[in-house]
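Undergrad: Structure, please.
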Amino acid sequence: MRNVFLIIFSIFCIFFFANSAISLIITEKGKEGMSGIPDSRGLPWQASMTINVVTVDPKAELGKKLFFDPILSKDGTVSCASCHKPEHGFADDKPVSIGIKGQKGERNTPTAFNTANLKFLFWDGRASSLEEQVLGPIENPVEMGEKVSNVLEKLNKNPGYAKEFATIFKKTPISTSQLVHAIAAFERTLISKDSDYDRFLAGDSMALSDSANHGLALFNGKAMCIACHKGPDFTDGGFHNIGLPITDDVGRAKISVSGKDTRKFKTPTLREVANTAPYFHSGEFDTLEAVIAYYNAGGGEDTYKDPLKKPLNLNQQEQKDLVAFLKSLTGRQPKITPPTLSH
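TA: A predicted model of the protein is given here:
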């Protein structure tokens with residue numbers, strides 16, 4: 001009997017210590033991974049365990065329909081997406097956009113990506129929120145050329161929109177407030193993310209090429225880009241005169257009514273910049289290479305030019321490295337496809 005007891009006790013001890021050893025190994029591997037040591041794919045262990053939960057905001061989905069719907073324009077030919085094209089980084093591929101009746105706008109269409117946290121909208125900063133910004137293109141006679149009252153009338157007469165607005169906002173009829181909040185809700189979802197640069201920041205040391213890595217150092221140093229293009233959205237949110245060709249467009253000065261703001265324009269985000277050519281408020285340059293060359297020369301001549309704009313003395317390889325870094329700011333966010341419209 002005693003021998004049987006000893007045998008059972010021995011088996012129990014073996015099982016207990018073996019199980020403890022396995023638990024210890026698992027625990028230590030978990031600690032090792034969470035310390036940031038990459039796995040075989042070059043990504044942190046913790047990142048490989050991330051689960052993305054996608055939630056759908058009905059208001060944003062409604063705003064998406066409105067964003068792509070030419071019903072907002074006077075003649076039903078122009079939508080927000082006509083100028084903020086998804087395939088071009090939600091910007092336009094023309095120097096200036098084309099509105100109703102083939103009319104040309106005055107400025108280049110900036111990207112709609114990463115506008116959620118901006119203090120100022122439009123190149124001259126005349127709007128201070130996405131909601132305020134929404135009505136500008138609709139009422140602009142060159143862009144959509146429509147009265148908001150007419151837009152509301154069309155939406156209220158549309159059974160699909162009338163039902164959807166009533167379901168979401170619990171009020172009828174459709175109002176200006178509901179219209180702008182729906183579109184702004186969609187615009188807030190337009191976030192460029194998971195770029196090579198983002199992966200680099202997350203700990204993937206192999207995410208940036210050698211050239212892009214050198215470009216990052218130049219961006220933060222010799223090239224002085226970070227003086228204006230800073231923060232997660234790569235913009236200081238301010239206004240600067242970089243010496244572009246002088247025209248009748250006085251930029252921020254028209255809004256601030258201050259001479260010191262003459263021909264100053266808002267610093268754009270650099271997120272998705274590789275996809276948003278042509279560049280600057282006038283669509284002046286077609287390529288990133290031309291933009292870098294312009295800055296390298298110190299910009300153009302203008303009495304009101306920002307004093308920071310001086311020759312950079314970058315050699316050809318350094319200019320290429322800067323371009324490589326800028327291209328690393330292209331995200332891997334899900335592709336946004338036009339919705340099915342009910343009319």
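
Undergrad: Can you give me the buried ones in the helix or strand where Ala324 lies?
TA: In this assignment (DSSP states H and E), Ala324 forms part of helix 316-327. Using 16 or more other CB atoms under 10 Å as the test for burial, helix 316-327 gives 318-327. In short, each C-beta sits where N, CA and C put it, glycine included.

Undergrad: Now do the same contact list for Val148.
TA: Residues in contact with Val148 (CB atoms under 8 Å, 6 or more residues apart in numbering) are 135, 138-139, 176, 179.

Undergrad: how's this protein carved up into domains?
TA: Per the record, the chain has its domains at 58-187, 196-327, by automatic domain parsing.

Undergrad: Out of these, flag the one nearest Lys335.
TA: Nearest to Lys335, of all these, is domain 58-187, at 7.4 Å by CB to CB.

Undergrad: For that closest one, what is the distance to the chain centroid?
TA: Taking the mean of its C-alpha atoms, domain 58-187 sits 17 Å from the chain's own mean (CA atoms, centre = their mean, to the nearest Å).

Undergrad: closest one to Thr340 among the domains of the chain?
TA: domain 58-187 (8.6 Å).

Undergrad: Endpoints of the closest one, how far apart?
TA: 13 Å (CA to CA, to the nearest Å).

Undergrad: pLDDT of that domain, averaged?
TA: For domain 58-187, the mean pLDDT works out to 97.

Undergrad: With respect to Pro339, which of the domains of the chain lies nearest?
TA: The nearest among those, by CB to CB, is domain 58-187 at 5.0 Å.

Undergrad: on that earlier part again, export the domains of the chain to JSON lines and tack on distance to Gln333?
TA: Output for those, formatted as JSON lines (distance: least, CB to CB, whole Å):
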{"stretch": "domain 58-187", "distance to Gln333": "9"}
{"stretch": "domain 196-327", "distance to Gln333": "9"}
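
Undergrad: which among the contacts of Val148 end up buried?
TA: So, by 16+ other CB under 10 Å, the buried ones in the contacts of Val148 are 135, 138, 179.

Undergrad: which among these gets closest to Val78?
TA: Closest approach to Val78 among the buried ones among the contacts of Val148 (CB to CB): Ile138, at 9.7 Å.

Undergrad: show me what contacts Ser56?
TA: Slight slip there: residue 56 is Val, not Ser. Listed by CB under 8 Å, 6+ apart, the contact set of Val56 is empty.
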